[in-house]
Structures are given as C-alpha cells and as structure tokens.
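Sequence first, then the predicted structure, then my questions.
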Amino acid sequence: MTERTLILLRHGQSTWNEENLFTGWVDVPLTPKGEQEAKRGGELLRERDLLPDVLYTSLLKRAIHTANIALAAADRDWIPVHRSWRLNERHYGDLQGKDKAATLEQYGEEQFMTWRRSFDTPPPPIADDNPNSQAGDPRYEGIDGELPKTECLKDVIERFLPYWESTITKDLEAGRTVLVAAHGNSLRALVKHLDGISDDDIASLNIPTGIPLLYRLGDDNMPLEPGEYLDPEAAAAGAAAVAAQGTKH
Ligand SMILES: O=C(O)[C@@H](CO)OP(=O)(O)O
C-alpha cells in the first residue's frame with residue numbers, strides 16, 4: 001500500500017474575519033496578519049518536507065492568496081493549480097456582511113448557532129439586489145447548477161464531496177501530494193467525511209486560519225491515522241478563537 005498525502009489549509013485571517021463579519025462568498029482580502037499566517041503555513045510545510053505537487057483552491061482571493069504565499073514560502077510556486085467554486089466557503093445567505101456579535105444579540109444564541117453551525121438549517125436566502133450577493137458575478141457564469149443564495153453545511157458537502165471523489169482523489173491516487181487551500185466551512189465538510197464525524201458532533205469542530213492540517217490516507221482515500229496540525233498549540237488556540245467569534249465585541 002502506498003501512503004497518500006493530503007494537506008488542508010484554511011486561508012489566513014481575512015479583513016472580515018478581523019471585523020467579525022459573516023463572509024461566505026464575499027471576496028474579501030487577507031489582512032497583513034493573514035499574509036503572515038500563510039507564510040508561516042508554507043514554512044511549516046518546508047520544515048517538514050511536505051512539498052505539494054498540486055494545488056486545489058476556491059474562487060475566492062483569501063484562499064488563492066494564502067496558497068500563493070504558502071507555496072512561495074515552500075519554494076513550490078510552480079505547481080499546477082485547479083480552482084473550483086465547489087471549494088468556496090459556505091454561502092452565508094442574508095447573513096453575508098452582517099456583524100456576528102450583533103446578529104447573536106439580535107436573534108439570541110439558539111438561532112445564531114442554528115444558522116452558524118447546525119448541519120441542515122441554512123440562513124435566510126440573500127436577495128439578488130443585496131450588495132453582498134454574487135448574482136451576476138462573471139466567475140460563476142459556468143456554474144453547473146444554480147448559484148446558491150444560501151447554504152447549510154449539508155449543502156456544502158453535497159457540492160464538495162463529488163469533486164473530492166471525482167477529481168482531487170485522482171491526484172492522490174497518482175501519488176501526488178495534494179494541497180487543498182480553502183475555507184472554514186468547506187474544510188469542515190471534508191474533515192467530517194474523512195473523520196466520520198456525526199451530523200451533531202460536527203457543530204463543535206472549528207478550523208483555525210493558516211495552519212496546515214496533514215492527513216496520511218490509505219488506498220480507500222480515508223485516513224490511516226488522525227489528522228495532524230503542523231503547529232498543534234497554535235491550532236488549538238485558533239480553533240477556540242473561531243468558536244468564540246459570536247461573543248466578541
Ligand atoms: O463568515 C464566514 O464565512 C465563516 C468563516 O469565516 O464564519 P463562521 O466560522 O462563523 O462560519
């Protein structure tokens with residue numbers, strides 16, 4: 001059996017992470033701190049000799065820039081890249097652009113957590129004329145199916161896993177080290193699948209920004225051992241910070 005190497009990387013801190021706003025498909029840039037996190041992520045890959053052969057990213061610049069910075073730090077700028085909307089962050093519907101703490105205060109913790117972390121209840125859909133809607137955005141012209149107006153985690157799994165199975169795993173099977181640079185909730189969708197996490201338990205799983213998460217996979221493309229954050233201490237602190245986002249003022 002040959003071991004397959006998969007590295008997951010959530011983008012570094014974005015401007016809307018810093019401002020504590022629901023982001024979803026809104027295409028916001030990294031902050032200087034986010035760029036620094038991405039660089040450190042790439043250095044961790046280089047230090048461990050985990051050199052990606054191929055990159056998969058979303059269509060959003062916070063993931064694209066994170067990958068570029070990390071790959072530059074690992075001296076792997078040149079590897080082939082595949083971009084797909086299927087790796088995009090979860091579409092946050094009408095919450096896109098709204099302040100997380102203010103939303104918690106307005107709707108209460110139960111509703112807030114249902115929208116934020118329940119498996120199958122999406123937030124209300126976004127209107128096409130909302131400035132944070134992606135209606136008419138040329139990058140989604142070729143989308144197969146309908147442009148989402150909101151999504152829950154279940155919807156993300158339904159659009160991400162077919163791509164994982166049909167495309168990303170083919171590179172793993174060819175022996176390539178695969179880097180997936182994506183988002184908090186699209187990576188939660190993949191980790192749920194890999195780690196066999198239940199629909200209820202996935203609510204408490206949070207992915208920190210900018211820290212590579214390494215998986216060694218077997219012939220069935222499932223983990224041989226639990227995933228490993230390359231900086232476990234920073235990962236634990238980062239995940240706790242994501243979990244606390246609703247309460248920050
Ligand atoms: O706003 C978002 O798009 C996501 C990721 O930043 O937030 P949350 O962790 O609240 O799902």
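In hand now; what should we look at?

Next, see if the helix or strand that contains residue 190 gets close to the ligand.
Applying DSSP states H and E as the criterion places residue 190 in helix 184-195. Yes. Applying C-beta under 6 Å from any ligand atom, one finds helix 184-195 in contact with the ligand at 184-185. Yep, even glycine has a C-beta here, placed from its N, CA and C like the rest.

mind listing what's buried in that helix?
Within helix 184-195, the residues scored as buried using 16 or more other C-beta atoms under 10 Å are 184-194.

What of stretch 161-179?
Within stretch 161-179, the residues scored as buried using 16+ other C-beta under 10 Å are 161, 163-164, 168-169, 171-172, 176-179.

Enumerate the residues of this structure near the ligand.
Residues of the chain lying near the ligand (C-beta under 6 Å from any ligand atom): 17, 22-24, 89, 92, 116, 184-185, 242, 245.

for the residue nearest to the spatial centre of the chain, what are its contacts?
Among the residues of the chain, residue 183 comes closest to the average C-alpha position under C-alpha atoms, centre = their mean, at 1.6 Å. Contact analysis of residue 183 by C-beta atoms under 8 Å, 6 or more residues apart in numbering lists 10-11, 58, 60, 62-63, 87-90.

In terms of helix, strand or coil, where does residue 27 fall?
The three-state label given to residue 27 by DSSP: H, G, I helix; E, B strand; the rest coil is coil.

pretty sure it contacts residue 63?
No. Look at residue 27 against residue 63 with C-beta atoms under 8 Å: they stay out of range, at 10.0 Å.

Look at these two and report which has more neighbours.
When residue 27 and residue 63 are compared for neighbours, residue 63 comes out ahead with 30 against 17, by other C-beta atoms under 10 Å.

what sits up against the host helix or strand of the more buried one?
Element membership for residue 63 (DSSP H and E) is helix 61-73. Helix 61-73 is contacted from outside by 9-12, 14, 27-30, 34-35, 37-43, 45-46, 52, 55, 57-58, 77, 79, 81, 83, 87, 179, 181-183, 210, 212, using C-beta under 8 Å, 6+ apart.
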